[in-house]
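In: Provided below for reference: sequence and predicted model.
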Amino acid sequence: MPNLSHSVCAGWETFAFGSKKTVQIWDFEKNKRIKILTEHPAEVFVVRFILNGERLLSGSKDGTINCWEVKSGKLIKSLKVGFYSTKAMTFAQNGKMFVLNRDREIEVWDVEKGRIIKTIKGEFDEVMCMALG
């Protein structure tokens, strides 16, 4: 079974999911695909709408984080974070940071600066999912 990650835009108008090397954006009401985003070289495992659905962030297994303009499907920014054993990742709703796990560490990244701003080391079991509040 493929690993599908999905995100629903506020108001349920738009639905997005990652599958293989693409991100698909769908109109929820019309049950119709709006866009296919194809700039990931590896399997996409996380997607998240940000900024009230104007942007979409996606992450793939090769360590690439992409920021998309939803309306046009244009790739705005791409950031290489170099995943190794990352299985879980989440984005802040404002799009300014994301959090991922890597080998018993949690890393907080600044999207604009493209660097780690905090590392949390601890005795974690295998992290499979995470959320920001």
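Out: That came in fine, so what should we check first?

In: Lys71: neighbour count?
Out: For Lys71, the neighbour count with other CB atoms under 10 Å is 12. Using the backbone N, CA and C atoms, a C-beta is placed for each residue, glycine as well.

In: and for Phe98, nearest residue in space, chain neighbours not counted?
Out: Leaving aside its chain neighbours, Phe98 sits nearest to Phe91 (4.5 Å; criterion: CB to CB, 6 or more residues apart in numbering).

In: number of nearby residues for that neighbour?
Out: Burial of Phe91 is recorded as 27 neighbouring residues (other CB under 10 Å).

In: so what's the backbone phi/psi at Asn52?
Out: phi 60, psi 40 (degrees, to the nearest 10).

In: and it, how many neighbours?
Out: 10.

In: quick check, pLDDT for it.
Out: With respect to pLDDT, Asn52 has a value of 79.

In: distance check, the residue nearest to Phe98 against Lys30.
Out: Separation of Phe91 from Lys30 (CB to CB, to the nearest Å): 26 Å.
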